[in-house]
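Novice: Model the structure of this input:
(one chain, ligands or ions: 1)
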Amino acid sequence: MRTISILGATGSIGASTLDLIRRNRDAWRVVALTANGNAAELARLAREFGVEMAVVADETRLPELREALAGSGIAAAGGVEGLCAAAAAGADMTVAAIVGCAGLAPTMAAIEQGKTVALANKEALVSAGDVMMAAVERYGATLLPLDSEHNAIFQCLGANAPTDVRRITLTASGGPFRTWTQEQLDAATPAQAVKHPNWDMGAKISVDSATMFNKGLELIEAWHLFPVGLDRLSIVVHPQSVVHSLVEYRDGSSLAQLGPSDMRVPIASCLAWPQRMDTPMPSLDLAALAELTFFAPDEVRFPATRLAREAAQAGGAAPAVLNAANEIAVAAFLAGQIRFTRIAANVERVLAAGVPSAPSSLDDVLAIDHEARLRARALLEQA
Ligand code: NDP
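Specialist: Predicted coordinates for the structure are as follows:
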């Protein structure tokens, strides 16, 4: 039996992970679970899985969590310190599934345990970049990519040398607005943006998928996870989300990973790695799918992938600034404060205002993130 902790247990990735664990109760013991403010759901899950520790990031919800856990013997904690304690609770595997840069400090705390971290929280890697990869190296941690595209690439790479790779292609669904005109994009609402055609995900990543920032963040994520160089990373739009990414080798062979658009497949790949486990997914029916289509991305209507590539090329603090500006813009869009097309425009303006020097520690990254958020918020005032 292996032990596991889940950071972001009440979210979409958290629920999919716990669904798999529920089906394999003999294989896993859950040590710690965390949430932001959803204390009721967290307490319910903590009791169901008999965990040692439950943590709410929002400390104002700690009394509610304590009350909901009364008599259970489960320790309750709050705040970033509590999240980091949950990440350091000694589990064999920690699933990093908090949304946004809020997950960075606990993900780093998990890496410092030198065990296995299954990473969904792409914003943390985008922001911390080399600082996180250096910590993985220093503490001898195993970082497994849980994001479907990166998990696909990880599977296709197998034991092959990065020097044998000619190109890695990330597939993108194109999101709900793939065929929309610029005028339609200007008028897109939050309700329309969170309705993804293929995937059932949290609100933030759904908006990122609609703007294509999700693919931009993933490009930077892939650049850190798979050291083949930025010029060997490409993106193709594939509306059916069946091919999850491809690796092309120097001999002309391309390997792709295919599967249903259900995150339980890449999560199961991480949970069982380096072996395999059962999931409730039906087999792919290629004849029923009949057709898989692919298109070049349109970086005029969707500038996010261009902005992400430019941020990666600029290096240093630029990806952290891009991520922070995007988080603020997405929250403002979801709150009805700005139009959909202002998200990318605001990110571009924050980046154009200048980027600090490269971070060399977690504190540096958090300071850069904080500063970029202030600048992004100031832009919101200038509607
Ligand atoms: P959700 O919004 O569904 O869940 C987010 C989780 O993080 C919840 O448990 C939430 O708690 C918690 N949380 C939110 N804000 C904070 C905070 N400030 N501090 C601590 N915890 C917080 O997100 P998803 O599950 O969709 O995504 C999680 C991560 O996984 C993201 O980085 C996303 O990009 C990535 N990912 C998601 C995929 C998907 O299919 N959903 C696919 C690939 C990657 P509470 O419920 O209390 O608010």
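
Novice: Got the confidence number for the closest residue to the ligand within the stretch 101-250 of the chain?
Specialist: The ligand sits closest to Gly202 of the stretch 101-250 of the chain, with a gap of 2.6 Å, by C-beta to the nearest ligand atom. All C-beta atoms are positioned from the backbone trio N, CA, C, and that covers glycine. pLDDT, Gly202: 95.

Novice: Ok, the one 4 residues further on next?
Specialist: According to the prediction, Ser206 has pLDDT 97.

Novice: residue of the chain with the smallest distance to the ligand?
Specialist: Gly11 (1.9 Å).

Novice: OK, contacts around the closest residue to that residue other than its chain neighbours?
Specialist: Leaving aside its chain neighbours, Gly11 sits nearest to Gly202 (5.4 Å; criterion: C-beta to C-beta, 6 or more residues apart in numbering). Applying C-beta atoms under 8 Å, 6 or more residues apart in numbering, we find Gly202 in contact with 11-13, 99.

Novice: residue ranges of the helices in the stretch 251-383 of the chain, please?
Specialist: 264-272, 286-289, 304-314, 318-334, 342-352, 362-381 (DSSP state H, counting those that start in this stretch).

Novice: Tell me where the model's unsure across the chain.
Specialist: In the predicted model, the chain carries pLDDT under 70 at residues 383.

Novice: What residues does it have near the ligand?
Specialist: Within the chain, the positions adjacent to the ligand are 8-14, 35-38, 57, 97-99, 102, 120-123, 147, 199, 201-202, 204-205, 263 by C-beta under 6 Å from any ligand atom.

Novice: Take those residues and keep only those in helices.
Specialist: Taking DSSP state H, the ones among the residues of the chain next to the ligand that sit in helices are 12-14, 122-123, 204-205.

Novice: Make CSV from these and add neighbour count and distance to Gly140 to it.
Specialist: What follows is these, written out as CSV (neighbours: other C-beta atoms under 10 Å; distance: C-beta to C-beta, whole Å):
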residue, neighbour count, distance to Gly140
Ser12, 19, 30
Ile13, 28, 25
Gly14, 24, 26
Lys122, 28, 23
Glu123, 28, 24
Lys204, 20, 31
Ile205, 25, 30
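
Novice: Reformat those residues into CSV and put distance to Val31 next to each item.
Specialist: Output for these, formatted as CSV (distance: C-beta to C-beta, whole Å):
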residue, distance to Val31
Ser12, 21
Ile13, 17
Gly14, 14
Lys122, 24
Glu123, 24
Lys204, 26
Ile205, 26
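
Novice: Which single one of those residues is nearest to Trp180?
Specialist: If you rank these by distance to Trp180 using C-beta to C-beta, Ile205 comes first, at 19.1 Å.

Novice: Contacts only, for the closest one.
Specialist: Counted by C-beta under 8 Å, 6+ apart, Ile205 has contacts 12, 99, 214.

Novice: Asn160 too?
Specialist: 247, 249.

Novice: Also the one 10 residues further on?
Specialist: Contacts for Leu170 (C-beta under 8 Å, 6+ apart) come out as 149, 153, 215, 218-219, 222, 233-236, 245.

Novice: next one: Val242
Specialist: 258-261, 284, 289, 292.

Novice: ok, Ser72 - how many residues close by?
Specialist: 14 (other C-beta atoms under 10 Å).
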